[in-house]
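**Q** what follows is a predicted structure for the sequence shown.
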Amino acid sequence: AQKVTQAQTEISVVEKEDVTLDCVYETRDTTYYLFWYKQPPSGELVFLIRRNSFDEQNEISGRYSWNFQKSTSSFNFTITASQVVDSAVYFCALNDANDYKLSFGAGTTVTVRA
Amino acid sequence: DTAVSQTPKYLVTQMGNDKSIKCEQNLGHDTMYWYKQDSKKFLKIMFSYNNKELIINETVPNRFSPKSPDKAHLNLHINSLELGDSAVYFCASSQDLSYGYTFGSGTRLTVV
């Protein structure tokens, strides 16, 4: 069984502050895939990043960065110098390699105030 | 070009009615899904079809019946709608699980 936990329900910051979203996952599989999705107020689900379980290289893409650590089963996401447009619900998700089922965390609502 | 399109975007209906939500993808993906997002934003899979075959059927009431006429379409029919069915329903598709899922824009169903 797979499980994703996002302990932070809501985060509120002032523009230009950094925001780090925590994600902890559980799975019995050795091969799995991790994702972050963004859901802005308009409601669509926007794909941000994916990581394979065998690829622990962390990455920076513009103002976004990700920290994947298998030793602690964590896949955290950071927004640097946040902007009002970053206000959204952010979901961490996990898919085992042999399972056609993407399991989502409960989501973290990020509010960036001007 | 819309990759995964759902219709309608909004659906308001009375309890007891039967309604359908349509989904089409033009990505050539083999697998399609229906997810339900409840009022607390929690997303949960309902069904998954691979090449028109049902492969995942979570504990969904049998009032919900998916239909896949071909691998580009996955429709969701709901009988005898109840207040608790009010939610946002997302269609999605995938080809390779490692690349993730492409979601439609969602259908907000309100049962009154």
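**A** Noted; the coordinates are in hand. Since the structure is predicted, the reported quantities are computational estimates derived from the model, not experimental observations.
**Q** can you tell me which residues in chain A are near chain B?
**A** A:33, A:35, A:37, A:39, A:43-45, A:47, A:50, A:52, A:89, A:91, A:95, A:97, A:99-104, A:106-107, A:109 (C-beta under 8 Å from any C-beta of the partner chain). Where you see a C-beta, it was placed from the backbone N, CA and C, and this is true even at glycine.
**Q** quick check: bridge partners of the nearest residue to residue A:19 once chain neighbours are set aside?
**A** Using C-beta to C-beta, 6 or more residues apart in numbering or on different chains and skipping the chain neighbours, the partner closest in space to residue A:19 is residue A:79 (4.6 Å). Beta-bridge partners for residue A:79, by DSSP bridges, are residue A:19, residue A:64.
**Q** quick one: contacts for residue A:79?
**A** Going by C-beta atoms under 8 Å, 6 or more residues apart in numbering or on different chains, residue A:79 touches A:18, A:19, A:20, A:21, A:63, A:64, A:86, A:110.
**Q** how about low-confidence regions in the chain?
**A** Reading this off chain A. For chain A, applying pLDDT under 70 flags the ranges A:1.
**Q** to clarify, I was referring to chain B.
**A** Those would be B:1, if you go by pLDDT under 70 across chain B.
**Q** list the contacts of the residue most central in space within it.
**A** By C-alpha atoms, centre = their mean, chain B has its centre lying nearest to residue B:34, at 3.2 Å. By C-beta under 8 Å, 6+ apart, the contact set of residue B:34 is B:23, B:45, B:46, B:47, B:66, B:74, B:76, B:89, B:90, B:91, B:92.
**Q** so how many other residues sit close to the closest residue to residue A:30 other than its chain neighbours?
**A** Distances taken as C-beta to C-beta, 6+ apart place residue A:53 nearest to residue A:30, at 6.7 Å, with adjacent residues excluded. Counted with other C-beta atoms under 10 Å in any protein chain shown, residues neighbouring residue A:53 total 19.
**Q** farthest residue from the center of chain B?
**A** residue B:98 (21.1 Å).
**Q** and the gap between the closest residue to residue B:73 other than its chain neighbours and residue B:74?
**A** Once flanking residues are discounted, residue B:73 sits nearest to residue B:24: 5.3 Å by C-beta to C-beta, 6+ apart. Separation of residue B:24 from residue B:74 (C-beta to C-beta, to the nearest Å) stands at 8 Å.
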